[in-house]
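Engineer: Any chance you could fold what I've pasted below:
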Amino acid sequence: MDCIFCKIIAGEIPSKKAYEDRDIFAFYDINPQAPIHILVIPKEHICCIDRISSDNSAIIAKIFEKIPQIAKDAGLTNGYRVVSNCGNDACQSVRHLHFHILGGTPLSETMA
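Structural biologist: Predicted structure coming up:
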């Protein structure tokens, strides 16, 4: 598999880690769209939201349970945004499910 996020998880590509446990890896985006921009990914390769199923949804639930702590540990105490892109029209650039935590400044009310 030629997935950049799987290579980051394996340590083949360096990253600035924000959080890790046996199921989840979180790291700072190398092209941040906000002062704090962290990507949270399941260690299991799931290509996108369309592939969440009853077999893997517990990992997704765990991600959302951990996001508040990851955000707090990064200093996001005044709010943050969580975004996930799915497919070409949404500009999903890496086909490994990931959630962006964005914050550190007031964000735009628009998403486009």
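
Engineer: after the longest strand seen in the chain comes which helix or strand?
Structural biologist: Secondary structure of the chain read by DSSP state E shows that its longest strand is strand 36-42. Downstream of strand 36-42, the next assigned helix or strand under DSSP states H and E is helix 57-73.

Engineer: what packs against that next one?
Structural biologist: Contacts defined by 3 or more C-beta pairs under 8 Å, 6 or more residues apart in numbering; DSSP states H and E place helix 57-73 against strand 17-20, strand 24-28, strand 36-42, strand 99-103. Every residue, glycine included, has its C-beta placed from N, CA and C.

Engineer: Compare the ones you listed and give me the one nearest Ala71.
Structural biologist: Taking C-beta to C-beta, strand 99-103 is the member of these nearest to Ala71, at 5.5 Å.

Engineer: okay, the angle between that closest one and helix 57-73?
Structural biologist: 20 degrees (axes from the mean of the first three to the mean of the last three C-alpha atoms, to 10 degrees).
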